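*Asks:* Build the 3D model from these lines:
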Amino acid sequence: MFRHLLAGAALLLTASAAQATSDAATRFGARATVRDISLSPDGKHIAFVAPAAGHGAALFIVSTEDGVPKSILKSTGSPDQLQWCRWSTDTRLVCGIYMILTGADGLIEFTRLVTIDATGENLKLLSARDSSYAMGMANLGGSVIDWTGDGTGGTVLMTRDYVPEESIGRLAADVREGRGVERVDTTTLKRTNVEAPRAGAARYMSDGNGKVRILAMRRKDTDGYDKGELIYYYRKANSREWLPLASGAEAASFAPLAVDSRHDVVYGMADKDGRAALFSVALDGSLKRTLVLERPDVDVDELLSIGRQDRVVGASYATERRQTEFFDPELRALSASLSKALPGLPLVSFVDASADESKLLLFAGSDVDPGHYYLFDKATRHLSEVLPARPELAQTRLATVKPINFPAGDGTMIPGYLTLPPGSDGKNLPTVVMPHGGPGDRDEWGFDWLAQFLANRGFAVLQPNFRGSAGYGSAFLQKNGFQSWRGAIGDVNDSGRWLIKQGIADPNKLAIVGWSYGGYAALQSGVVDPALFRAIVAVAPVTDLETLRGESEGFSNHQLVDAYIGHGAHVREGSPAQNAGRIAAPVLIFHGDRDRNVGIGESRMMAARLKGAGKQVELVEYHDLDHQLDDSEVRAGMLDKVDGFLRTALHLPPAP
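*Replies:* Sure, this is the predicted structure:
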């Protein structure tokens, strides 16, 4: 089953990365086959969004009977980026489009929803078409919050942002303002207001059956800036009255995630003894709070749901590996059974389900296998492979990933993941420390295309979850990776020293590579200890904290960014561009010129400061690409350049 689909996906991806210099860079740089995947309500068709030429994407429809893929929608990525698609009925889909456009004040993000038949016909704009959108005053095209049951009705609940109209030259103007909710027919586009727009409304949550039960209001100051605090309200099952649920800073208060109409509760995360735990709160008026799941060592950080109604079925957390606790007995037993059927793929997750949940779409992978998508039929107990995540790597030997802990300078044990080149004895190797982005993120056990490429080229790779990483509780998270940069960068550098002490790394062949905050950490590590790393690679890095603060000027979250970065000596001392003269190692920087996360001006500043200080630096700029550099050819070329740069800087022989 699905033999044709496997071949089609492989050809699609291979063609998009055909110009890479080396075979290894082509294979590892190719984007994953699936950006998003969805199962139709009747379980007879699969829709998936896959990479297309350049940084484009294409929507494919596959029948579960014949397995033949058909492309029905494409985006170029310049500027329209097709990101996801989901079935609204058995024959019609809703898709999300993301764009970065140039406005008067710089780069601006836009989203729009479209709807299309599974045949590729009747493409329509689902987002509201009114004067606010035409004038470019509203950036967001809405989001679907409810797929309304079994998929037979073809309507969805979606948010809509209203902007008051100008009244000049008009007899009447629409003065409604704020975020509301509409019921929209995905075929006829008929719209019915469900929740009147409210100024300050940040989020609505439904019960999966067409009823809005949770409202989040965002506090703003008199100048219109976000204050970083949400006030939550709820409704009883058969009432329209909004009642207080919780308030306070999002990180400190109960943060709702999903409504369970069967038990009339809302699930959410809240602090318990310094770690995030999962609670339920009754929506019957009692607000009874019940602890559902906690861990003494790590945060519970993910709520799991399945199907068209987003039925809550479990929660997960990451220790050395991602672990799942299923609340649903059937799925708990099925997960255990699938783990036995797929012994080499321990990371199993349920991705989607048919309306009656008789057919399940799932993903399974590991550290040495990028993963595969499967379709499971409960009635027949038949498990069929749909397609692999990265077909180019099917014949490539990948490196095992080992969880480790190392002591920081103050004795704190820091977790991380060590990847050794296949067949290596793990001693005296050229080695790369690879800090993650975020900073409030973390690395996990599993497949990582960048780490695996470096291991394939003969490098050991250590990914430290330094202090400032998420998942280990509030004390480990500290303030954040910018205000508490000394602790975070200290741990990153201590990971390099540990590698040397263990005999894993040759001290003369130790480098550091990072993306986003990881790029910041790579550069700042060279400021703190210029002699430790002999080569620095930074992709889309933050380089100056004051500039990062300025990038939010004019946006509603400016005060949040301002508070996040903070004020004081740490801003200048923690900015690599302000201390470029201390860096001794050669530096290679990559950055896309449509990056809304970190402006390309930061990399240009860093390169200029390094050159001005007489340092060795090269900046590679990519036109029309954002923070992710989501282009197979670009990624393959970048991998080749990184490999060549590291070999030159560390005095290694040419790649075989």
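
*Asks:* can I assume Ala196 sits in a helix?
*Replies:* No - counting by DSSP: H, G, I helix; E, B strand; the rest coil, Ala196 is not found in a helix; it is strand.

*Asks:* So which residues of the stretch 301-450 of the chain form strands?
*Replies:* 311-318, 322-326, 347-353, 359-365, 372-377, 382-388, 401-407, 413-419, 429-433 (DSSP state E, counting those that start in this stretch).

*Asks:* How about residues contacting the longest one?
*Replies:* This points to strand 311-318. 208, 258, 260, 267, 278, 292-293, 295, 298-306, 322-328, 331-332, 350, 357, 442, 444-445, 471 (C-beta atoms under 8 Å, 6 or more residues apart in numbering). C-beta here means a position set from N, CA and C on the backbone, and glycine is covered the same way.

*Asks:* Quick check on those residues: which are buried?
*Replies:* Using 16 or more other C-beta atoms under 10 Å as the burial test, those include 208, 258, 260, 267, 278, 292-293, 295, 298-306, 322, 324, 326-328, 331, 350, 357, 442, 444-445, 471 as buried.

*Asks:* Give me the below-cutoff pLDDT ranges for this protein.
*Replies:* Residue ranges of the chain with pLDDT under 70: 1-20, 130-138, 149-151, 165-174, 222-228, 247-252.

*Asks:* if you set the cut-off to 50 instead, what comes out?
*Replies:* For the chain, the stretches with pLDDT under 50 are 1-20, 131-137, 249-251.

*Asks:* Take the contacts of strand 311-318 and keep only those in helices.
*Replies:* 331-332 (DSSP state H).

*Asks:* Check the secondary structure at Asp643 for me.
*Replies:* Asp643 - assigned by three-state DSSP - is helix.

*Asks:* which residues sit in contact with the residue nearest to it when sequence neighbours are not counted?
*Replies:* Take Asp643 and drop its neighbours on the chain: the residue closest to it by C-beta to C-beta, 6 or more residues apart in numbering is Arg457, 5.2 Å away. By C-beta under 8 Å, 6+ apart, Arg457 lies in contact with 24, 421, 643, 655.

*Asks:* could you measure Arg457 against Thr26, distance?
*Replies:* Look at Arg457 and Thr26: by C-beta to C-beta, to the nearest Å, they are 13 Å apart.

*Asks:* Over to Gly416?
*Replies:* For Gly416 relative to Thr26 (C-beta to C-beta), the value is 29 Å.

*Asks:* now do Met217
*Replies:* 50 Å.

*Asks:* So which of the two has more stuff around it?
*Replies:* More neighbours surround Thr26 than the other of Met217 and Thr26, with 24 against 20 (other C-beta atoms under 10 Å).

*Asks:* Make sure the more buried one is indeed in a strand.
*Replies:* No - with three-state DSSP as the criterion, Thr26 is assigned helix and is not in a strand.

*Asks:* Please verify my assumption that it contacts Glu392.
*Replies:* Yes - Thr26 lies in contact with Glu392 (C-beta atoms under 8 Å); the separation is 7.1 Å.

*Asks:* Let me see the ranges of the helices in the stretch 501-650 of the chain.
*Replies:* 517-528, 545-550, 558-565, 569-573, 600-612, 632-649 (DSSP state H, counting those that start in this stretch).

*Asks:* Repeat that for the stretch 1-150 of the chain.
*Replies:* 3-16, 23-29, 131-134.

*Asks:* number of nearby residues for Val598?
*Replies:* Using other C-beta under 10 Å, Val598 is surrounded by 24 other residues.

*Asks:* related to what we said a few turns ago, from the strands of the stretch 301-450 of the chain, which stretch is densest packed?
*Replies:* strand 429-433 (a mean of 26; mean count of other C-beta atoms under 10 Å).

*Asks:* could you give the angle of it to strand 413-419?
*Replies:* Angle between the axes of strand 429-433 and strand 413-419 is 120 degrees (criterion: axes from the mean of the first three to the mean of the last three C-alpha atoms, to 10 degrees).

*Asks:* partner strands of strand 429-433, parallel or antiparallel?
*Replies:* The pairing partners recorded for strand 429-433 under DSSP bridges are strand 460-464 (parallel), strand 505-515 (parallel).

*Asks:* closest to Ala636 out of these?
*Replies:* strand 505-515 (15.9 Å; C-beta to C-beta).
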